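Asker: structure of the sequence below:
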Amino acid sequence: MRVIITAATVGEWMPGFLNINTLYTGESQRLKVRFHQSGVGMLASAVSLTRLVSEEKPDLIIQIGIAGTFNPKMPLGKVVLIKEEILGDMGVEEDGKWKDIFDLKLEKSSYHPFEKRKLPNHWLSTYNLLKLPELSSITVNEITTHPKRIEQLTKKYNPDLESMEGASLHYVCREANIPFIQMRAISNYIGERNKANWKMKEALEALNDTLLKYLDKLYKVK
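Answerer: Here you go, the predicted model:
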């Protein structure tokens with residue numbers, strides 16, 4: 001089984017890269033793992049992932065990274081899987097309301113790969129091997145900080161998390177029919193710009209520890 005672990009930056013998967021069982025990156029034919037950097041944001045990651053899928057045709061893509069949460073009760077450092085992605089900043093603001101590409105009739109809400117405006121991951125029933133929580137996320141190219149914008153997104157989409165690359169993974173893999181999972185660790189609360197209050201180090205540690213446990217589980221069952 002050929003598995004590719006991808007993240008926007010090298011730093012997000014480096015702890016896992018340094019501590020991975022070398023069997024998975026070397027002689028094993030049962031599970032072959034390699035690491036990939038997609039770049040930051042929807043555009044860079046979409047181009048990079050499209051090339052990756054076309055050239056390598058992996059059996060599974062695992063996107064990992066940190067994310068902010070809209071839920072003030074969610075503990076920082078928690079590791080989750082994303083069950084569905086939503087495009088969070090593609091549209092226009094009019095009369096104080098946010099209208100996305102579906103509201104503007106620029107895209108049909110259930111035209112493939114979308115389903116009711118969302119990009120769901122139907123592979124989770126097969127690949128959530130650690131039974132991690134499955135949450136919804138929006139993808140944006142600008143980190144959300146303004147209270148009004150937070151209120152708009154929460155009211156319209158009711159997302160759990162926010163990232164900058166998730167929708168690219170869901171879109172590309174759904175189009176190519178490639179199994180995938182998106183694993184995120186919560187580093188901060190949406191709107192909090194004082195990074196002294198973020199738990200980035202702890203989130204990355206939890207993320208990579210969970211990733212390595214996931215690979216061990218995958219090796220045993222696949």
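
Asker: is the closest residue to residue 170 other than its chain neighbours in a helix, a strand, or coil?
Answerer: What sits nearest to residue 170 in space, not counting adjacent residues and going by Cβ to Cβ, 6 or more residues apart in numbering, is residue 119, at 3.7 Å. C-beta coordinates here come from the backbone N, C-alpha and C atoms, glycine included. Residue 119 carries the three-state label strand when classified by DSSP: H, G, I helix; E, B strand; the rest coil.

Asker: ok, residue 119 to residue 211 distance?
Answerer: For residue 119, the distance to residue 211 equals 22 Å [Cβ to Cβ, to the nearest Å].

Asker: dump the residue contacts of the residue in the chain sticking out farthest from the centre.
Answerer: With distances taken from the mean C-alpha point of the chain and given as Cα atoms, centre = their mean, the most distant residue is residue 95, at 31.3 Å. Under the criterion of Cβ atoms under 8 Å, 6 or more residues apart in numbering, residue 95 has no neighbours.

Asker: phi and psi next, for it.
Answerer: Summarising the backbone geometry of residue 95 under the convention degrees, to the nearest 10, its torsions are phi 50, psi 40.

Asker: what's in contact with the longest helix anywhere in the chain?
Answerer: Counting by DSSP state H, the longest helix found in the chain is helix 200-221. In this structure, residues lying in contact with helix 200-221 by Cβ under 8 Å, 6+ apart are 1, 3, 5, 11-13, 15-16, 19-21, 23-24, 28, 30-31, 33, 60, 62, 64-66, 76-79, 129-130, 132, 183-188.

Asker: wait, what's in contact with residue 164?
Answerer: Residues touching residue 164, when contacts are defined by Cβ under 8 Å, 6+ apart, comprise 8, 40-42, 139-141, 143.

Asker: could you do residue 136 as well?
Answerer: Counting by Cβ under 8 Å, 6+ apart, the residues that residue 136 touches are 82-86, 118, 157-161.
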